[in-house]
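# have a look; sequence and predicted model below, questions after that.
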Amino acid sequence: MSQHETVDTLVIGSGPGGYVAALRAAQLGMKTAVVERSHLGGVCTHVGCIPSKALIAEAHRFDLHRQWNQADGSDFFKNAQAFKQGIVMKQAGGVNYLLKTAGVTILEGEASFIDEHTVAIKQTRKTDHMISFKHAILATGSRPIELQALPFGGRILSSTEALSLSQIPTSLIIIGGGYIGVELGQMYAKFGTEVTILEGGGQVLPGFEAELAVPVIRRLKADGINIITGATAVKAEQHADTLTLHYLKNQEQHLVNAEYALVTVGRKPNTDGSLGLERINLQVSSRGLIETDEQCRTAIPHIFAIGDITKGPALAHKASYEAKVAAEVIAGNPSVVDYKAIPLVVFSEPELASVGLTETEAKAKSIPVVIGKSSFGINGRALALQAAEGFVKIIAEQTSGILMGAQIVGVEASTLISELTLAIEMGATVEDLALTIHPHPTLGEVIMEAAENAVRKIR
Ligand code: FAD
């Protein structure tokens, strides 16, 4: 590409939002470029979904191995890190291959708006590269929120550093018991780290109904994790080999010592800094989010925004979904977002997954619903896997039986939730689910039985 060229669609950021948007735009015949200031594939590929799930899988394998062999984790961990990095590189290579074969121009550097149709791309030690565009898709993602009292550095880690430690820490305090804190906490506990989770609310995994969180919390405790709820971290003192964290609970100060503290209190959208949204007068909310309409369009009609910089759950598949909508809209196709079925998964043991409405939300909105439930406890496949903990919960409209939501806590919840997501997306009823022949013996039978349970309540 020459020093100043025009493309149909310029995508800023190459995470699961940006690279999918660029790919779809190119497939739809647009001249497309994607700008990335760091690594192709974004947070998800390099420091998010992929490396965390690779290490979590290794931690499970180590845990099983240890039960048989009383093995020491240090060598295993080094190999696990190498295994993780191999997967990250494979995935990033896949993104590169897909974009190149689709004809997308990949531009390395940091994008900065000059005006509503021009971006400067800053590359270290090179002059700025200018690019003009007819349409732009912003997909700049997010970064870990830093607490003022506990700035990142030294023994205070963000999830990024926590995924790249070269040795298993002897002890770790996690501040924030959301899904990232729980996943990484359990992973390190399985590798043998003494883990403490500090959570400000009344329960870890605060977004989940208590009955769903309970089996996970039980397992976290069985893995030796110390959970302290209603606790606020106040400050930390870093020493040569350890760190002392001060926290408040019931208005009293307490201390806890560990080798590292990991802060997982949420993510901040990358809409500030050199991106220069102020130069195009594109407003962001107090949380840094960009407002979009149902076609992912910002207040500037030819500029779209997707993924973690927009409202809704900060999840890779939500970013990719919006990416396709934005690209289709730019191509002139009649596409809009429909958020009624965005699955959410916690890769804990047992896994936790939710899609659509919860019982609590239905009650709060006074929507009459029936609840169907069935347990993994009597499922042959779950018993064979020695993973019979947990249940499936289905929420359906009371008179029609149309599925409105579902939650699963148990083995392979991450995979099983897709059947229920499809059912919601298609407007299926609990009777449809109950009458679908599920293979035996499989975990999916628990979904069928939960649906049967709901059907009996409708009749
Ligand atoms: P990102 O993936 O954040 O990508 C944005 C890209 O834009 C980055 O590469 C950045 O370098 C680039 N960029 C930013 N500004 C500029 C600029 N000015 N110029 C050029 N490039 C720029 N989600 C799930 O769905 N499932 C999971 O299991 C899961 N696990 C996670 C585990 C961890 C530890 C973390 C941290 C996150 C996890 N997530 C998970 C969340 C998921 O990673 C994000 O929701 C997803 O990456 C968001 O995609 P995105 O395309 O919006 O942005």
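All right, it came through fine.

# let me see the contact set for the closest residue to A454 other than its chain neighbours.
Spatial nearest neighbour of A454, excluding adjacent residues (C-beta to C-beta, 6 or more residues apart in numbering): G372 at 2.7 Å. Just so you know, the C-beta spots here come from the backbone N, C-alpha and C atoms, and that holds for glycine as well. G372 makes contact with 393-394, 396, 430, 450-455, 457, according to C-beta atoms under 8 Å, 6 or more residues apart in numbering.

# get me the contact residues on the stretch 301-450 of the chain for the ligand.
Taking C-beta under 6 Å from any ligand atom as the contact definition, the stretch 301-450 of the chain meets the ligand at 307-308, 314-317, 319, 347.

# rerun that using 5 Å as the cut-off
Within the stretch 301-450 of the chain, the residues that sit near the ligand (C-beta under 5 Å from any ligand atom) are 307-308, 314-316, 319.

# got the contacts of G372 as TSV, with neighbour count and distance to R125 columns?
Formatted as TSV, the contacts of G372 follow (neighbours: other C-beta atoms under 10 Å; distance: C-beta to C-beta, whole Å):
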residue	neighbour count	distance to R125
K393	22	56
I394	31	58
A396	29	60
V430	28	61
A450	25	59
A451	30	61
E452	17	65
N453	19	64
A454	27	63
V455	21	66
K457	14	67
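
# nearest to the ligand, of these?
For the contacts of G372, the closest approach to the ligand (C-beta to the nearest ligand atom) belongs to K393, at 21.2 Å.

# returning to that earlier point: from the contacts of G372, which ones fall inside strands?
Members of those lying in strands (criterion: DSSP state E): 393-394, 396.

# per-residue pLDDT, the nearest residue to N333 once chain neighbours are set aside?
The shortest distance from N333 to any non-neighbouring residue, by C-beta to C-beta, 6+ apart, is to L28 (7.8 Å). Note on L28: pLDDT of 98.

# low-confidence ranges, the stretch 351-459 of the chain, go.
For the stretch 351-459 of the chain, applying pLDDT under 70 flags no range at all.

# give me the beta-bridge partners of the residue nearest to A454?
On the basis of DSSP bridges, G372 is bridged to I394.

# how much space between it and I394?
Note on G372: its distance to I394, by C-beta to C-beta, to the nearest Å, is 4 Å.

# who are the contact partners of G266?
144-145, 176, 178 are the contacts of G266 under C-beta under 8 Å, 6+ apart.

# to clarify, my last question referred to H440.
So H440 contacts G380 (C-beta under 8 Å, 6+ apart).

# likewise for the one 5 residues further on?
Taking C-beta under 8 Å, 6+ apart as the definition of contact, the neighbours of E445 are 379, 381, 438.

# F133 looks like it's in a strand, true?
Yes - the assignment for F133 is a strand, going by DSSP: H, G, I helix; E, B strand; the rest coil.

# pairing partners for the residue lying closest to it once chain neighbours are set aside in the sheet, please.
Distances taken as C-beta to C-beta, 6+ apart place L10 nearest to F133, at 3.7 Å, with adjacent residues excluded. Under DSSP bridges, the beta-bridge partners of L10 are A33, A136.

# ok, L157 next?
With DSSP bridges as the rule, L157 is bridged to L262.

# what about it, distance to V346?
Distance of L157 to V346, given as C-beta to C-beta: 20 Å.

# do K268 as well
From K268 to V346 the distance is 21 Å (C-beta to C-beta).

# those two - which one has more neighbours?
More crowded of K268 and V346, by other C-beta atoms under 10 Å: V346, with 25 against 15.

# which residues sit in contact with L138?
Residues near L138 by C-beta under 8 Å, 6+ apart: 12-13, 271, 275, 290, 298, 303-306, 309.

# sorry, wrong one. I was asking about P206.
Counting by C-beta under 8 Å, 6+ apart, P206 touches 177-178, 199.

# for the stretch 1-150 of the chain, what spans make up the helices?
With DSSP state H, counting those that start in this stretch as the criterion, the stretch 1-150 of the chain has helices at 18-27, 42-47, 49-69, 73-101.

# closest one to Q203 among those?
helix 49-69 (21.3 Å; C-beta to C-beta).

# distance from the chain centre to the closest one, please.
Mean C-alpha position of helix 49-69 versus that of the full chain (C-alpha atoms, centre = their mean, to the nearest Å) differs by 19 Å.

# and the contacts of stretch 51-62?
Under C-beta under 8 Å, 6+ apart, the answer for stretch 51-62 is 71, 73, 76-77, 79-81, 83-85, 87-88, 159, 163, 180, 183-184, 186-188, 190-191, 347, 349.

# good, we can wrap up now.
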